[in-house]
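Student: prediction below, plus the sequence it came from.
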Amino acid sequence: MSWEDVGNGYFLDRAGDVLLRLLEYGVVDVGTDQEASGLVVGSNGGGQMYVVGPDGVVYRTRTASLDNPEFDKVADDLRQFLELLERSLTGFNAGGDPGYL
């Protein structure tokens, strides 16, 4: 799914693309615990990436790089993340506000 015209854009990768990235680059460390590895599932037009952690929490990278990334939590789970994306689209259509994701 891509909403390239909403703010900088929002992009969610297809499951096959997520798996390909996993095979090519592995998991992303989302914490200090060795068990805290996540999957990159999308990005925004500013280059920041969305990563789902092992507990389902969705994070956004602070920069466009996965080299020593820092993360901000954006949603408790994928469902909440998708609801926030929907609100962003609705807000953008109503008044041009792309939201904070």
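Tutor: Thanks, I have the structure now. Numbers count the residues shown, from 1 in each chain.

Student: show me where pLDDT drops low in this structure?
Tutor: When residues are selected by pLDDT under 70, those of the chain lie in 1, 3-8, 32-36, 98-100.

Student: would you verify that V51 is located in a strand?
Tutor: Yes. Looking at V51 with DSSP: H, G, I helix; E, B strand; the rest coil, it is inside a strand.

Student: roughly how far apart are it and L12?
Tutor: From V51 across to L12, the span is 12 Å (C-beta to C-beta, to the nearest Å). Every C-beta, even on glycine, is put in place using the N, C-alpha and C of the backbone.

Student: find residues that contact each of those two.
Tutor: Jointly contacting V51 and L12 under the rule C-beta atoms under 8 Å, 6 or more residues apart in numbering are V41.

Student: so which of these two has more stuff around it?
Tutor: More neighbours surround V51 than the other of V51 and L12, with 25 against 17 (other C-beta atoms under 10 Å).

Student: who does that one bridge with?
Tutor: Judged by DSSP bridges, the bridge partners of V51 are V40, Y59.

Student: this completes my enquiry, with thanks.
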